[in-house]
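Trainee: need coordinates for the below:
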Amino acid sequence: MQSPWLLHLDQIGARFAEGASGTVSFSDNARDEVALAANGTVIVPLTHLGTLRAAGEDACAFLHNLMSNDIKKLELHSAHWNSFNSPKGRMLASFLVWRDSSDYLLQLSADLLASMHKKLGMYVLRSKVRITDTTPDLAAIGIAGPAVARVLDAAGLTLPPEAMSVSQGAIQIVRLDGARVQVIAPLAQAADLWKKFAAAGASPAGTAAWQWLDVRAGLPVITLATQDEFVAQMINFEVIGGVNFQKGCYPGQEIVARTQYLGKLKKRMFLAHVDALTAPFAGQDLFAPDFADQSCGKVVAATPAPTSGFDLLAVVQMSSHDANQVTLGAPAGPALHFQPLPYALP
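Mentor: Coordinates of the predicted model:
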């Protein structure tokens, strides 16, 4: 039986892409939806993301021992980035983590939800913790743009005071930055909230719009296409606050720490634009003259740009980036034009 939330999205014209976990659109042209996000305030059903709940008296210690960030220091009204890594330090999933009272919510790419649910469950053993999928219970709606506070107010909700802060209650609001929030609501209330947000002037937009905002913000999301590819520092995860180097051990911690303190990092994630005839995709190889016909990096995420071409996040050899001759898909492919990230790299 279809949930009231998905039924509502279907009724207002949302279309879900086949074979793309949770990817939704409201028009035939994703670029048009990206342009809405670039020029106004949008509401986006975040069905391309999934959320796991960790509950039980050992939930904090359980997660703290597995994740790259300090779960023990995560306060009730705060959120942070986090990751679960392989023993070789490669990221198997990236998470946005926040608390729901004494529980912990871990949001990740929907195409990794089932496998990470199973993976984390293998570590439970005798710990007093339950890992569950919140899909039957909660819906996530993204709001982004200059009118975000007014749109929330129209539904009787208040913008949290600062970036990475969270309002607690039956409906939670996770503020990502100055003009972008996620509204996490019980499934039965999501359709009514959407109607109120739209009535307040927010334009419906699809997954591409939200992902473009992630790209422009330099926020990587590990997906199935990029799983087990990158050490945290390669995608600037320590820069955005996703790694704590003072906490105890966790899977891959030795590799992550060695990369940090021995200065062996050779790749970084950069923001770029490319004028290509076909859309770049996550996991696609990049090339540069200093690596001949061998890959010098990979695309992390890519979306249409508001007017033409594509914007993307790319992990690239720093020497190739500095030479500024990186191409997409092949040595003779279209050139990447690097742009400044909204944060400074070390």
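
Trainee: burial of Leu112, as a residue count?
Mentor: 22 (other C-beta atoms under 10 Å). Backbone N, C-alpha and C define where each C-beta goes, glycine included.

Trainee: that one should be in a strand, yeah?
Mentor: No. Judged by DSSP: H, G, I helix; E, B strand; the rest coil, Leu112 forms no part of a strand; its state is helix.

Trainee: contacts only, for the residue nearest to it when sequence neighbours are not counted.
Mentor: Distances taken as C-beta to C-beta, 6 or more residues apart in numbering place Ala93 nearest to Leu112, at 5.1 Å, with adjacent residues excluded. Ala93 makes contacts with 83-84, 108-109, 112, 116, 222, 227, as judged by C-beta atoms under 8 Å, 6 or more residues apart in numbering.

Trainee: what's the answer for Arg268, then?
Mentor: By C-beta under 8 Å, 6+ apart, the neighbours of Arg268 are 233-234, 236, 315-316, 318, 321, 345.

Trainee: that one in helix, strand or coil?
Mentor: Arg268 ends up strand, using three-state DSSP.

Trainee: give me the distance between Arg15 and Leu113.
Mentor: Arg15 sits 21 Å away from Leu113, taking C-beta to C-beta, to the nearest Å as the criterion.

Trainee: go on, Ser86?
Mentor: With distances taken as C-beta to C-beta, Ser86 is found 18 Å from Leu113.

Trainee: more neighbours: those two, which one.
Mentor: The residue with more neighbours, out of Ser86 and Leu113, is Leu113; 22 against 14, by other C-beta under 10 Å.

Trainee: partner residues bridging the closest residue to the more buried one other than its chain neighbours?
Mentor: Closest residue to Leu113 apart from its sequence neighbours, by C-beta to C-beta, 6+ apart: Gly50 at 3.5 Å. For Gly50, the beta-bridge partners under DSSP bridges are Leu108.

Trainee: my read: Met145 touches Val44, true?
Mentor: For residue 145 the amino acid is Gly, not Met. No. If you go by C-beta atoms under 8 Å, Gly145 and Val44 don't touch, sitting 10.6 Å apart.

Trainee: picking that back up, buried members of the contacts of Ala93 into ChimeraX, please.
Mentor: In ChimeraX syntax, the buried subset of those is picked out as below (16 or more other C-beta atoms under 10 Å):
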select :83,84,108,109,112,116,222,227
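
Trainee: of the contacts of Ala93, which is the nearest to Leu159?
Mentor: Leu108 (24.6 Å; C-beta to C-beta).

Trainee: roughly how far apart are that closest one and Ser94?
Mentor: From Leu108 to Ser94 the distance is 7 Å (C-beta to C-beta).
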